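Participant: Sequence and predicted structure, then a few things I'm wondering about:
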Amino acid sequence: MWRKPKHVEFLWDVLVLAMTSFGGVQVHIALFLKKLVKEKGYLTEDELFEIQALCSFLPGPTSTQMITAIGYKRGGANLAYVTLIAWISPAVFVMTLAAFGMTYLRNRDIIQFVTPVGIGLILQAGWIMAQKFLRAPMYILIFLFTVAIGLYIQSPFIFPVLLLIGGLISSLNFKDFPRQNKHKMIIPWANFHLFWGFLVFLAVLGHFTDYYPIRIFENFYRNGSLVFGGGQVLVPVLFTEFVEFKHLIREDDFLTGMTLSQTLPGPVFALTSYLGVLLMKDYGTIGELAGSVIGALGIFLPGTFLIFFVYRIWGQLKQYRFIRASLPGIQSVSVGLTIVAVYAFIHPMIIQANLIGFGIVVVTFLVAQMTKLPPIALFVIALLAGIIVS
């Protein structure tokens, strides 16, 4: 009797998420919670938020690192790599096609109702997290402090600082956590050495060979190694480097790709595939396709190397009480940052008096909270409504 290969269902669910997860990392986390935790039970809520807290400290695409870590948890390194490919492939494919001329997709009217749906799902995820983590005065104060600072200092570079502060404050409660038998830590340094070693190797190789594909690979890898805060931070960094400083890409071409990357499901970091094609336009079709691969590998590899390194030692780190005690504080900060993200999205609606958009946010929150309607259905309805209206 034929038996379905192991992990096929999980990989299919990842692929479905990759094709339906509009709206950036906050929406991705909400959908991971609904699909992978509540519907399929691949991991628990605690495990998901633990992975989120861990990935929040690392540079690179947070949602991509999260889904890769989930794959690693379920099936080791091999499944993690396949999970990564399943997650990034749809967005990379569409962005590559877009660079070859599918610019008509820049019609934002089609997705005008998708963003409010995404905001509603973010709000619902924040509500679930708040109920779970804000159960003591200390954590409520950390949450309020995060919201206040996040709204006052509107820079993504403050996020890792807030996570660190929240973790440090919360770690003072270490005496409330039971002791565990400590074992000598065994740290597999290979992936960490791959992370920084590859960066140095590419920089040196690009300098001495001056080979153009190597140099742009190094550019993408360097940005993937240093950017905290997700796609909203990566975009201006890449714009400064490739448009304003090196003049390798025209401004209107870059903005077209940026618009597409923010309207498609999956990781916003897939923008680099589009840019890779444009950067290799003088190398023919094969060169342009290679540029797409260079852009994707360059931006996603650093975060993958890091999450493989950190996740492998995470189980050992948790034997220390102050590490376990820091997690509720980090998670309280995550709740605060979620509310900051909701405000950032809703603020333009308030300025523009967009009552329809605001109403969609509220309806989406209530539907997600009170029914079992899958998020994909909400996104499909929003897309169809946008197509009809546009």
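Facilitator: That came in fine, so what should we check first?

Participant: The helix or strand where N78 lies: how far from the chain's middle?
Facilitator: Secondary structure from DSSP states H and E places N78 in helix 62-99. Counting by Cα atoms, centre = their mean, to the nearest Å, helix 62-99 is centred 11 Å from the centre of its parent chain.

Participant: what's the answer for stretch 296-307, then?
Facilitator: 12 Å.

Participant: One more: stretch 350-358?
Facilitator: Distance, centroid of stretch 350-358 to centroid of chain: 27 Å (Cα atoms, centre = their mean).

Participant: distance between the ends of it?
Facilitator: With Cα to Cα, to the nearest Å as the measure, stretch 350-358 spans 8 Å from end to end.

Participant: tell me which residues of it are tucked away?
Facilitator: Neighbour-count burial for stretch 350-358, counted by 16 or more other Cβ atoms under 10 Å, picks out N354, G357, F358. Where you see a C-beta, it was placed from the backbone N, CA and C, and this is true even at glycine.

Participant: One more: stretch 306-315?
Facilitator: Applying 16+ other Cβ under 10 Å to stretch 306-315 flags L306, I307, F308, F309, V310, Y311, R312 as buried.

Participant: Just put these in a markdown table and tack on secondary structure and distance to L384.
Facilitator: A markdown table is the format used below for those (DSSP: H, G, I helix; E, B strand; the rest coil; distance: Cβ to Cβ, whole Å):
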| residue | secondary structure | distance to L384 |
| --- | --- | --- |
| L306 | helix | 39 |
| I307 | helix | 36 |
| F308 | helix | 40 |
| F309 | helix | 43 |
| V310 | helix | 41 |
| Y311 | helix | 39 |
| R312 | helix | 44 |
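
Participant: Looking at these, which is nearest V92?
Facilitator: Nearest to V92 among these is I307, at 18.7 Å by Cβ to Cβ.

Participant: tell me the contacts of that closest one?
Facilitator: Contacts for I307 (Cβ atoms under 8 Å, 6 or more residues apart in numbering) come out as L54, C55, L58, Q65, T68, A69, Y72.

Participant: And whichever helix or strand the first one is part of, what does it pack against?
Facilitator: Read that as L54. L54 belongs to helix 45-56 when elements are defined using DSSP H and E. On a contact count with 3 or more Cβ pairs under 8 Å, 6 or more residues apart in numbering; DSSP states H and E, helix 45-56 meets helix 25-32, helix 62-99, helix 114-133, helix 159-171, helix 284-317, helix 321-351.

Participant: between the ones you listed, which one is nearest to T209?
Facilitator: Nearest of those (Cβ to Cβ): helix 284-317, 14.9 Å.

Participant: next one: that closest one to chain centre, how far?
Facilitator: Going by Cα atoms, centre = their mean, where helix 284-317 is centred and where its chain is centred differ by 13 Å.

Participant: And for stretch 161-172?
Facilitator: 22 Å.

Participant: Mind listing what's buried along it?
Facilitator: Going by 16+ other Cβ under 10 Å, stretch 161-172 has these buried residues: L162, L163, I165, G166, G167, I169, S170, S171.

Participant: list the contacts for Q124?
Facilitator: Neighbours of Q124 in contact, by Cβ under 8 Å, 6+ apart: A30, T364, F365, A368, Q369.

Participant: what sits up against the helix holding L54?
Facilitator: For helix 45-56, using Cβ under 8 Å, 6+ apart, the contacting residues are 29, 32-33, 36-37, 43, 62, 65-66, 69-70, 73, 128-129, 132-133, 159-160, 163, 307, 310-311, 314, 327, 330-331, 334.

Participant: low pLDDT regions in the stretch 251-390 of the chain?
Facilitator: Scanning the stretch 251-390 of the chain for pLDDT under 70 picks out 255, 259, 262-263, 376, 390.

Participant: follow-up on the earlier one: lowest pLDDT pick from the buried residues of stretch 161-172?
Facilitator: The member of the buried residues of stretch 161-172 with the lowest pLDDT is L163, at 80.

Participant: closest to G287 among the buried residues of stretch 161-172?
Facilitator: Of the buried residues of stretch 161-172, the one sitting nearest to G287 (Cβ to Cβ) turns out to be L163, at 40.6 Å.

Participant: if I pick that closest one, what's in contact with it?
Facilitator: A53, S56, F57, I330, V333, S334.

Participant: from what I can see M66 touches Q26, true?
Facilitator: No - M66 is beyond contact range of Q26, at 11.8 Å (criterion: Cβ atoms under 8 Å).

Participant: More neighbours: the two, which one.
Facilitator: Using other Cβ atoms under 10 Å as the criterion, M66 and Q26 rank with Q26 on top: 26 against 23.

Participant: burial count for L43?
Facilitator: Count around L43 with other Cβ under 10 Å applied: 17.

Participant: Mind checking what secondary structure it has?
Facilitator: coil (DSSP: H, G, I helix; E, B strand; the rest coil).

Participant: I'd say it and V37 touch.
Facilitator: Yes - the criterion here is Cβ under 8 Å, and L43 meets it with V37 at 6.2 Å.

Participant: give the contact list for the spatially most central residue of the chain.
Facilitator: Among the residues of the chain, the one closest to the centroid is S63, at 2.9 Å (Cα atoms, centre = their mean). By Cβ under 8 Å, 6+ apart, the contact set of S63 is S21, G24, V25, H28, I29, F32, G230, P267.

Participant: Same question for V92.
Facilitator: Applying Cβ under 8 Å, 6+ apart, the residues contacting V92 are A270, S273, S292, A296.

Participant: follow-up on the earlier one: ok, and which of the helices and strands packed on helix 45-56 has the densest surroundings?
Facilitator: Comparing the helices and strands packed on helix 45-56 by mean neighbour count (mean count of other Cβ atoms under 10 Å), helix 25-32 ranks first with a mean of 26.

Participant: What is that one packed up against?
Facilitator: Helix 25-32 packs on helix 8-20, helix 45-56, helix 62-99, helix 114-133, helix 321-351, going by 3+ Cβ pairs under 8 Å, 6+ apart.
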